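Novice: the following block contains a protein sequence and its predicted model.
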Number of protein chains: 2
Amino acid sequence: MKLKSMDISATASASSIVFDALRKAIIEGQLEEGEALRQDEIARLFNTSRIPVREAISRLQEQGLVKTKRYKGAVVAGLSPKETEEIFDLRALIEPEIIRTAVPNMSDELLKVARQKCIAFSASKNPNEWGDLNREFHETLYSASELKFFIEIADNAIDRIERQVRAQLVMSNGMERAGREHLGILDACEKGDADLASKLIRDHILGAKQSLLQHLSRT
Amino acid sequence: MKLKSMDISATASASSIVFDALRKAIIEGQLEEGEALRQDEIARLFNTSRIPVREAISRLQEQGLVKTKRYKGAVVAGLSPKETEEIFDLRALIEPEIIRTAVPNMSDELLKVARQKCIAFSASKNPNEWGDLNREFHETLYSASELKFFIEIADNAIDRIERQVRAQLVMSNGMERAGREHLGILDACEKGDADLASKLIRDHILGAKQSLLQHLSRT
DNA sequence: ATATCTCAAATTGGATCCAATATACAATAT
DNA sequence: ATATTGTATATTGGATCCAATTTGAGATAT
């Protein structure tokens, strides 16, 4: 048998497609905070029935991306400044540990990919791309870690504040600073200095928190 | 109006009832690892249709309590020793922070309740009760913290290893040691020593991890 | 004019039905 | 006897229908 195999049973169900699409729309800010998710409307958009939509919404609720009330439906979840701060603090606790365990496992190949993301991030002129590349840079580094639950939690935490982080990147010097910090983190990883990388990630996250909270308090 | 009010709109939906019941059955070990969850069977048990059951299962999947495969259904999720270890490490990172912020907010009333749970835990002869009281003790203390996301994550982490922790409590001196450590933690909270309480919680969790991993490696 | 009370439309929650897939077992061929 | 194929049954995924609840516009009373 020379056929290239592929696991057909792993094909996506309607509900998972809807889930992925809604999640993306929420974290990218295409659906704004407080906006209602109409099951019927979404079902029509995806040319399916409301059943998969409801399953997707219940999963989003479990992830904290939407809030639902019985007989009233789901709305995109928002965060108070205090909640935003807590999410950043959570990241500042979790992600340094991820990096610390990831550094010893980083192959040259992975570091090369990370450097590409890093460069692409700093070079990009497209605000929509910034969020993607920023995230891809972090996730590339984290992927070398074996702490899958830590990564799961970091991913969810990032999901919840992604919209705000994207807004912050657009702020004056948000991009420039992030790009500089990314380079420092990458250097530490390349040198194999896990403690330094860990510390820099922490500073990077706490710095972003400060910057975002200031931004929020001014508006 | 002298009527004691109650939010009728907050009455539980069928899917949330099923979710709660399944979650409880899983973490208490009534459903064992790898066991299949048949939608039809569960629907009959709760005298409902499969729709709410499916929503409940998809939420359980998002919580990591079951694993599902398309067209094959859901089975109760298990953990490898390595995964178990990671969950404990996660707890050892998160819960000390929760306690640290909780201690300054603990009312006398709350401390009294915590002490009751603590005493009841040490006094109980019923293994099934141990798990409940152990958890209630921790959650009582944590409830004084305002870190709701941290608590959310700790709750989920505890959910995932609850079965194993219960098994561990039954082990020789598992109960006795836990009871002793609880007292130490409670004392620190009553004295208002947040740093000490935080450190003791960390030791408590890491000690439980060691004890459980030894138990696992011997069987 | 304002507040209260219908009542129809919109929306969600749940039940029932059909389609797609997996599984187990019998039938057949080698 | 073993391996393969066909087939019936069990089970899940999804569509459609009905019931329960909310919402908002208009009617009515004060």
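Specialist: Sure thing, it's come through. Numbering: from 1, shown residues only, chains lettered A, B, ... in the order given.
Novice: would you map the helices across chain A?
Specialist: Secondary structure of chain A (DSSP state H): helices at A:14-27, A:39-45, A:50-62, A:81-102, A:108-123, A:127-142, A:148-170, A:174-191, A:194-218.
Novice: need the pLDDT of A:Leu216.
Specialist: A:Leu216 carries a pLDDT value of 87.
Novice: swap in A:Glu176?
Specialist: Listed pLDDT for A:Glu176 reads 88.
Novice: over to A:Lys2?
Specialist: 56.
Novice: nearest to chain B: which residue in chain A?
Specialist: A:Glu62 (4.0 Å; CB to the nearest CB). (Glycine included, C-beta is placed from N, CA and C.)
Novice: just checking, that residue touches B:Gln63?
Specialist: Yes - A:Glu62 lies in contact with B:Gln63 (CB atoms under 8 Å); the separation is 6.3 Å.
Novice: who in chain A is up against chain B?
Specialist: Counting by CB under 8 Å from any CB of the partner chain, chain A comes close to chain B at A:9-11, A:13, A:15, A:51, A:54-55, A:58-59, A:61-64, A:69-71, A:83, A:86-87, A:89-90, A:93-94, A:97, A:147-150, A:152-153, A:157.
Novice: just those that are near DNA strand C?
Specialist: A:9, A:51, A:54, A:70-71 (CB under 7 Å from any atom of the strand).
Novice: contact partners of stretch A:162-180?
Specialist: Stretch A:162-180 is contacted by residues A:26-29, A:33, A:79, A:84, A:118, A:121-122, A:127, A:130-131, A:134-135, A:158, A:204, A:207-208, A:211-212, A:215-216 when judged by CB atoms under 8 Å, 6 or more residues apart in numbering or on different chains.
Novice: just the buried residues of those.
Specialist: Neighbour counting with 16 or more other CB atoms under 10 Å in any protein chain shown marks A:26-27, A:29, A:79, A:84, A:118, A:121-122, A:130-131, A:134-135, A:158, A:204, A:208, A:211-212, A:216 as buried within the contacts of stretch A:162-180.
Novice: pLDDT weak spots in chain A?
Specialist: Where chain A drops to pLDDT under 70, the residues are A:1-10, A:219.
Novice: would you mind naming what in it lies close to DNA strand D?
Specialist: A:13-15, A:48-52, A:55, A:71-72.
Novice: nearest to DNA strand C, of those?
Specialist: Among the residues of chain A next to DNA strand D, A:Tyr71 lies closest to DNA strand C (CB to the nearest atom of the strand), at 5.1 Å.
Novice: can you count the residues close to the closest one?
Specialist: The number of residues packed near A:Tyr71 is 7, by other CB atoms under 10 Å in any protein chain shown.
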